[in-house]
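just the structure for this:
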Amino acid sequence: MAFGIPVATNYMAIPEMVDHGQNGYLIDISKYNLEQLFKGCVVREVPKDLKNYITEQPCEYMYSLIESMKLRKKMGEAAIEIARSKFSFKRRNMKMKEIYCEAMN
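Model (predicted):
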């Protein structure tokens, strides 16, 4: 995001940063229990329906970005704005200071 590249995922905290269709795309993987499917550190096999879904969905989004420079630019600029405004070091440090000060009281 900080480099103006639209992102595509929907895992962990990413939905907090990505506004689908505005500064990236979210791929809904909620119908798959990834923690259950991929126990441990080694993934030996990805179920075919999951493999197809996580391949096809990003491809559709990437094609739309490849085909439209205007869309890439718009989403890239929105990604930079979110990265700088919501997730900058300055903002993070201010929030951490607030948390530490509150904890000390």
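
distance of Glu98 relative to Gln36?
Per Cβ to Cβ, to the nearest Å, Glu98 is found 37 Å from Gln36. Any C-beta I mention is one placed from the backbone N, CA and C, and that applies to glycine too.

for those two, indicate the residue with more neighbours.
Using other Cβ atoms under 10 Å as the criterion, Glu98 and Gln36 rank with Glu98 on top: 10 against 7.

is it true that the more buried one lies in a helix?
Yes. Counting by DSSP: H, G, I helix; E, B strand; the rest coil, Glu98 is located in a helix.

got a list of what it touches?
Listed by Cβ atoms under 8 Å, 6 or more residues apart in numbering, Glu98 has no contact partners.

near Ile82, how many other residues are there?
Residues near Ile82, counting by other Cβ under 10 Å, number 19.

now it. Nearest residue, chain neighbours left out?
Distance criterion Cβ to Cβ, 6 or more residues apart in numbering; nearest residue to Ile82, sequence neighbours excluded, is Asn23 at 5.4 Å.

find me the pLDDT at that neighbour, would you?
Listed pLDDT for Asn23 reads 87.

for it, the count of nearby residues, please.
Per other Cβ under 10 Å, the neighbour tally for Asn23 reads 22.

does Lys31 count as helix, strand or coil?
Here Lys31 is recorded as coil under three-state DSSP.

and it, backbone torsions?
Main-chain torsions, Lys31, degrees, to the nearest 10: phi -80, psi -10.

any idea how far it is from Ile82?
Separation of Lys31 from Ile82 (Cβ to Cβ) stands at 26 Å.

separation between the spatially most central residue of the chain and Lys70?
Centroid-nearest residue in the chain, with Cα atoms, centre = their mean: Ile14, separated by 3.8 Å. When distance is defined by Cβ to Cβ, Ile14 is 24 Å away from Lys70.
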